[in-house]
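In: My questions are about this predicted structure, shown below with the sequence.
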Amino acid sequence: MRILFVVRDLAATEPMGLMQLGSLLRRAGHEVRLVGAQRTPLLPLMESFRPGLVGYTLFSGEHRELLRLNAALKRRFSFVTVVGGPHATFFPEVVADPDVDVACRGEGEGAMLDLAMAIERGEPFRDIPNLCVKDGEGVRKNPLRPLIEDLDELPFCDRELRYAGDPESRDYPVKSFLASRGCPFQCSYCFNHGYGRLYGTGWSRPRERSPASLVDEIVDVGRHARLELVQFRESIFPWREDWLQEFAERYRASVGLPFYVHVRADLLTPKRVALLRHAGCISVNMGIECGDPDYRREVLGRPMTDEQIVEASRLLKRHGIRILADNMVGLPGTGPATDWATLHLNQRCGVDYALAMIYQPYPGTDLAQRACDLGLFDGNLDQLGPNYYVESPLRFADAAQKREVENLQKLFAVLVEAPWLEPLVRPLLRLPPNLFLLSVFRAWYMYCYARRIVPHRLSRRIVAELARSLFGIFPEEANRDLVCQDS
């Protein structure tokens, strides 16, 4: 059977979940394509490929765009629509959309294999575990199947799917990998908390790939595409010292490329950091999130002190490892003082890039429920934007406070880099959000990411798109006319 997977922008992301599914489905004899909706005209592709199953990865905020596109295609072609990803997992009610047939919750490997086989054979699929299925009898929400325990049993991600859908990505020197699944921590803003509620203790116990399997995949990718720097994308890179010891030796001997990982301040010990550096780690993503230690502990579920975070930063710096720090502004129940405290904590840590995000109340998270309980959000997910860099969907006491949050996010990293600018910048925060401030954010982010955190040469395409965006010139979306005609 022919299967088409659609993401919003294939050039800007590596959809490892879909590439993993692609490997499994192709091994089962199915024909699979992967495309990005922003750059690939779907009408001619649908006419030539004629898929029987079309799948979309939905992220809250991006979901509206892909659902509108699916509706336009449904008017013209006959196929089964399945949606997955975090939005479908924590908001399976999306299956009530008249043009969605199936929503997949949680790990989708087994469910997608069963669904594709059932459609190919013309058999019913309303009882497949992990699926919420709409048929003539209503909506059936099936139970979850057990988590995949041995990740080494899964085939490597089918990266040729991405290269076929976006040929330039083969030559992009930075590529991503996953070493594990699951997370034991209960951060109230994170999707891992929601997965913990779905799967219980199974999700809270990280499942690690063997270092041998992980290194073998990286070596294989390097044989078939340009690879100069590796990113590990799980929320927390495996931290067991015996695993790290084996990984460090295998990676150093067989790969030897610099890499970037996600870490947590209260897990960083001198031995763990030394092992990461020995293996080739040059930079990390570390969550600071909030500068109010009480809010960070009691509301965000991150029981670590300011001094722990500062000391973890010093430890990384002593080993020559650069830090991209994650932060949130506009958190529910806080005010400007909290956002400034967050900025000042980043300054104390001396991070190399302080990434600030405007808080978004994503479904399935306890912090989103807190926002609703405080009357700051009404639960309408259509108010969420496609990213967390533009505006806040929360209600504020007045428009001035909302402007300050949104503008501070744009200038946050610059102020961490140059604290002396603070008296000059504060008046700018009262301005209406504008293209100039957004351009400052985008340009500084791109510079720090490509020069400090994941140092590499930017492609001409990325440089051209950044330059256009600085003047408010954005490329025409490939399927805009299709969606507009349908609406």
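Out: That came through, no problem.

In: Using PDB, write out every CA atom in stretch 128-140.
Out: What follows is stretch 128-140, C-alpha atoms only, in PDB (Å, rounded to 0.1, in the frame of the first residue of the first chain):
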ATOM      1  CA  ILE A 128      -6.400  -1.500  17.100                       C
ATOM      2  CA  PRO A 129      -4.600  -0.600  20.300                       C
ATOM      3  CA  ASN A 130      -3.300   3.000  20.600                       C
ATOM      4  CA  LEU A 131      -5.800   4.300  18.000                       C
ATOM      5  CA  CYS A 132      -8.900   6.400  18.500                       C
ATOM      6  CA  VAL A 133     -11.100   5.500  15.500                       C
ATOM      7  CA  LYS A 134     -14.200   7.200  14.100                       C
ATOM      8  CA  ASP A 135     -16.700   5.100  12.200                       C
ATOM      9  CA  GLY A 136     -20.400   4.800  11.800                       C
ATOM     10  CA  GLU A 137     -20.800   3.800  15.400                       C
ATOM     11  CA  GLY A 138     -19.000   6.900  16.800                       C
ATOM     12  CA  VAL A 139     -15.500   7.200  18.300                       C
ATOM     13  CA  ARG A 140     -13.700   4.300  19.800                       C
END
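
In: Now do it, average pLDDT.
Out: The pLDDT scores in stretch 128-140 average 88.

In: buried residues in it?
Out: Neighbour-count burial for stretch 128-140 flags Ile128, Asn130, Leu131, Cys132, Val133, Lys134 (criterion: 16 or more other C-beta atoms under 10 Å). In this view, the C-beta of every residue, glycine as well, is placed from N, C-alpha and C.

In: could I get those as JSON lines with secondary structure and distance to Glu109?
Out: Converted to JSON lines, these look like this (DSSP: H, G, I helix; E, B strand; the rest coil; distance: C-beta to C-beta, whole Å):
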{"residue": "Ile128", "secondary structure": "coil", "distance to Glu109": "12"}
{"residue": "Asn130", "secondary structure": "coil", "distance to Glu109": "9"}
{"residue": "Leu131", "secondary structure": "strand", "distance to Glu109": "13"}
{"residue": "Cys132", "secondary structure": "strand", "distance to Glu109": "17"}
{"residue": "Val133", "secondary structure": "strand", "distance to Glu109": "18"}
{"residue": "Lys134", "secondary structure": "strand", "distance to Glu109": "22"}
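
In: Let's have the residues you listed in CSV, adding distance to Ile462.
Out: Formatted as CSV, those follow (distance: C-beta to C-beta, whole Å):
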residue, distance to Ile462
Ile128, 40
Asn130, 36
Leu131, 37
Cys132, 38
Val133, 40
Lys134, 40
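
In: And the furthest pair within these?
Out: For those, the farthest-apart pair by C-beta to C-beta is Asn130 and Lys134; their separation is 15.0 Å.

In: just checking, what packs against the biggest helix by length in the chain?
Out: Counting by DSSP state H, the longest helix found in the chain is helix 399-417. The contact analysis (3 or more C-beta pairs under 8 Å, 6 or more residues apart in numbering; DSSP states H and E) places helix 399-417 against strand 322-329, helix 336-349, strand 353-358, helix 422-425, helix 435-448.

In: Phe5: which of those is closest?
Out: Among those, strand 353-358 sits nearest to Phe5 (C-beta to C-beta), with 26.8 Å.

In: ok, now which ones touch the closest residue to Gly85 other than its chain neighbours?
Out: Excluding the flanking residues, the one nearest Gly85 by C-beta to C-beta, 6 or more residues apart in numbering is Thr57, at 4.0 Å. Contacts for Thr57 were tallied using C-beta atoms under 8 Å, 6 or more residues apart in numbering; they are Phe5, Val6, Val7, Pro15, Gly17, Leu18, Val83, Gly84, Gly85.

In: Let me know the closest of these to Ser48.
Out: Val6 (15.4 Å).

In: Please pull up the helix or strand immediately following the helix or strand encompassing that closest one.
Out: Using DSSP states H and E, Val6 maps to strand 2-7. Remark: after strand 2-7, the chain's next helix or strand is helix 16-27, criterion DSSP H and E.

In: Could you list every helix and strand that the very next helix or strand once past that next one packs against?
Out: Once the chain leaves helix 16-27, the next helix or strand it forms, by DSSP H and E, is strand 31-36. Contacting strand 31-36 under the criterion 3+ C-beta pairs under 8 Å, 6+ apart are the following elements: strand 2-7, helix 16-27, helix 42-49, helix 159-165.

In: Pull the second one out as CSV, backbone CA atoms only.
Out: Output for helix 16-27, consisting of C-alpha atoms alone and laid out as CSV, is shown next (Å, rounded to 0.1, in the frame of the first residue of the first chain):
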residue,chain,number,x,y,z
MET,A,16,12.7,10.9,13.5
GLY,A,17,9.4,9.3,14.6
LEU,A,18,8.1,9.3,11.0
MET,A,19,11.4,8.1,9.7
GLN,A,20,11.3,5.3,12.2
LEU,A,21,7.8,4.4,11.1
GLY,A,22,9.0,4.6,7.5
SER,A,23,11.6,2.0,8.1
LEU,A,24,9.1,-0.4,9.6
LEU,A,25,6.4,0.1,7.0
ARG,A,26,8.8,-0.2,4.1
ARG,A,27,10.2,-3.4,5.6
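
In: And it, what's buried?
Out: Applying 16+ other C-beta under 10 Å to helix 16-27 flags Gly17, Leu18, Met19, Gln20, Leu21, Gly22, Ser23, Leu24, Leu25, Arg26 as buried.

In: follow-up on the earlier one: next, the angle from the longest helix of the chain to strand 353-358.
Out: Put simply, helix 399-417 runs at 170 degrees to strand 353-358, going by axes from the mean of the first three to the mean of the last three C-alpha atoms, to 10 degrees.

In: Quick check: buried residues in stretch 36-55?
Out: For stretch 36-55, burial by neighbour count (16+ other C-beta under 10 Å) applies to 36-40, 42-43, 45-46, 49, 51-55.

In: What's the local residue count around the residue nearest to Asp152 when sequence neighbours are not counted?
Out: Of all residues beyond its chain neighbours, the one nearest Asp152 is Ser213 (4.5 Å), with distances taken as C-beta to C-beta, 6+ apart. By the criterion of other C-beta atoms under 10 Å, Ser213 has 16 neighbours.

In: Could you report the pLDDT at Ser213?
Out: Confidence score, pLDDT, at Ser213: 98.

In: One more: Phe474?
Out: 53.

In: that older thread, now what about the longest helix of the chain, what contacts it?
Out: In contact with helix 399-417 (C-beta under 8 Å, 6+ apart) are residues 327, 329-330, 335-336, 339, 343, 346-347, 351, 353-358, 389-392, 396, 421-422, 425, 428-433, 437-438, 440-441, 444-445, 448.

In: Count the neighbours of Arg33 for me.
Out: Residues lying near Arg33 (other C-beta under 10 Å) number 18.

In: For it, which non-adjacent residue is closest in space?
Out: The nearest residue in space to Arg33 (C-beta to C-beta, 6+ apart) is Leu4, at 5.0 Å.
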